[in-house]
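Student: sequence? don't have it. structure:
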């Protein structure tokens, strides 16, 4: 059984996942299909562009009662927007429009969290800590998740300062699984800073593509299917987090092919959640053949290299 808090597993968007949706299914019906398998999704399109209210209202209508959304903050609010090589501050209009797009989800009770993912150039310094406090003022009643990318936040003293601030502000530190490579990746520290919500994001472990340039899509960076033994490493960690938080999210961002869906359903089974086995779901069988072949070959390579 899982820990005292409930555990929800999902993926970081629903638009991708080749081999998961039935052939001919209209794009506008993908979310409803996704919601028959998962109770939670992270919306990443809001990072790239702020949707109109009617679009968000359709997300609400397309999902059953109890389905939840974590919404990524628009890139302007996390200093991804740059001018003359420097990060620019968001405009009042960008802030207002992003907050407005959250209203239908909040009013329907389906907004679970707002996810702020900061870029590698958002380093651990006092001014950036002050901005985190400003985020809480922007979202006085929302669950807020903070994800860091620069390694400086993982240094012992700075990480302690970060966690102290998040605890005081009741914001969630996002635990990550990713390649530990260079300054643009956080150490895999597990911390629960908010008793209401803990979050783990699974980015994959593709060292070769973590800093890839000129990629056609984010799938090139997150091209990784977790073998089962790597998912098993996270089972006791997730359960430990669920013992300390009322709700824990495990979100898969390895969005090449249908890897995120396959690994998400596998993780659900490993955590004893009521989720289908991807190898036994008819709509997934054909689409998962490539994924399972990749997984089996990866396991063989690991076994050969361990001899």
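Tutor: Arrived safely. In this text the structure is predicted, and so the values were computed from the model without any measurement.
Student: Enumerate every residue touching residue 249.
Tutor: The neighbourhood of residue 249, defined by C-beta atoms under 8 Å, 6 or more residues apart in numbering, consists of 7-10, 40, 70, 112-113, 197-200. C-beta here means a position set from N, CA and C on the backbone, and glycine is covered the same way.
Student: try residue 269
Tutor: 275, 277.
Student: mean confidence score for the one helix or strand residue 54 maps to?
Tutor: Assessed by DSSP states H and E, residue 54 sits inside helix 53-62. For helix 53-62, mean pLDDT rounds to 98.
Student: Show me what counts as buried in it.
Tutor: Judged by neighbour count using 16 or more other C-beta atoms under 10 Å, the buried positions of helix 53-62 are 56-57, 59-60, 62.
Student: do stretch 17-27 as well
Tutor: Within stretch 17-27, the residues scored as buried using 16+ other C-beta under 10 Å are 17, 19-21.
Student: Same question for stretch 188-208.
Tutor: 191-194, 197-204, 206.
Student: can I get the residues you listed in a markdown table with secondary structure and distance to residue 107?
Tutor: Putting those into a markdown table (DSSP: H, G, I helix; E, B strand; the rest coil; distance: C-beta to C-beta, whole Å) gives the following:
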| residue | secondary structure | distance to residue 107 |
| --- | --- | --- |
| 191 | coil | 32 |
| 192 | coil | 29 |
| 193 | coil | 27 |
| 194 | coil | 23 |
| 197 | coil | 20 |
| 198 | strand | 25 |
| 199 | strand | 23 |
| 200 | strand | 28 |
| 201 | strand | 26 |
| 202 | strand | 30 |
| 203 | coil | 32 |
| 204 | coil | 35 |
| 206 | coil | 39 |
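Student: Run through the stretch 201-307 of the chain and note the low-pLDDT ranges.
Tutor: 207-222, 281-307 (pLDDT under 70).
Student: do that again at 80, thanks
Tutor: Along the stretch 201-307 of the chain, the model assigns pLDDT under 80 to residues 206-223, 278-307.
Student: Which parts of it are helices?
Tutor: Taking DSSP state H, counting those that start in this stretch as the criterion, the stretch 201-307 of the chain contains helices spanning 218-221, 228-242, 259-270, 282-305.
Student: Residue 100 contacts residue 53, correct?
Tutor: Yes. Residue 100 lies in contact with residue 53 (C-beta atoms under 8 Å); the separation is 6.6 Å.
Student: so how far is stretch 159-170 off the chain centroid?
Tutor: Averaging C-alpha coordinates over stretch 159-170 and over its chain gives two centres that are 20 Å apart (C-alpha atoms, centre = their mean, to the nearest Å).
Student: Could you do stretch 6-19 as well?
Tutor: Taking mean C-alpha positions (C-alpha atoms, centre = their mean), stretch 6-19 and its chain are 9 Å apart.
Student: again, but for stretch 59-67
Tutor: How far stretch 59-67 lies from its chain's middle: 19 Å, per C-alpha atoms, centre = their mean.
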